[in-house]
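Q: Sequence unavailable; structure follows:
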């Protein structure tokens, strides 16, 4: 794992507490993102891992070895790629959600921003290595 147990801990207690809190908020948002297609799961879990690596080695180990959340982090960080099914599902749900949002918004510039975001996120997903 790129974030090793030997990652530098922040010495100042306030910084460590803030990083610890940010880690838990990120886990919460990541878990919500599993169900909501427009909220990205993996970036929030990666942020949580980074925060815990610098604030609490115990919770970092807990997160990366977690039965359900750990694989989201490990697959991404170790460069194993994203399964084809996950890519298809992510892109389909992304376009479904963005399409619905763009359809319901009356402002042209907001539609353009939504569609541009969808194009860039789709490109990012497609550029990730594909795991067979």
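A: In hand now; what should we look at? This one's a predicted model, so the numbers in the text were calculated from it and none came from an experiment. Numbers count the residues shown, from 1 in each chain.
Q: Give me the buried positions along stretch 94-109.
A: 94, 95, 97, 98, 101, 102 (16 or more other Cβ atoms under 10 Å). All C-beta atoms are positioned from the backbone trio N, CA, C, and that covers glycine.
Q: Of those, which is the nearest to residue 30?
A: residue 94 (16.5 Å; Cβ to Cβ).
Q: Please enumerate residues in contact with the helix or strand in which the closest one is found?
A: Using DSSP states H and E, residue 94 sits within helix 84-104. Under the criterion Cβ atoms under 8 Å, 6 or more residues apart in numbering, residues 37-38, 82, 110-111, 114-115, 117-118, 121-122, 125-126, 128, 130-132 lie in contact with helix 84-104.
Q: Could you tell me how far residue 109 is located from residue 66?
A: Counting by Cβ to Cβ, to the nearest Å, the separation of residue 109 from residue 66 is 41 Å.
Q: hmm, I was thinking of residue 47
A: 15 Å.
Q: of these two, who's got more company?
A: residue 47 (17 against 14; other Cβ atoms under 10 Å).
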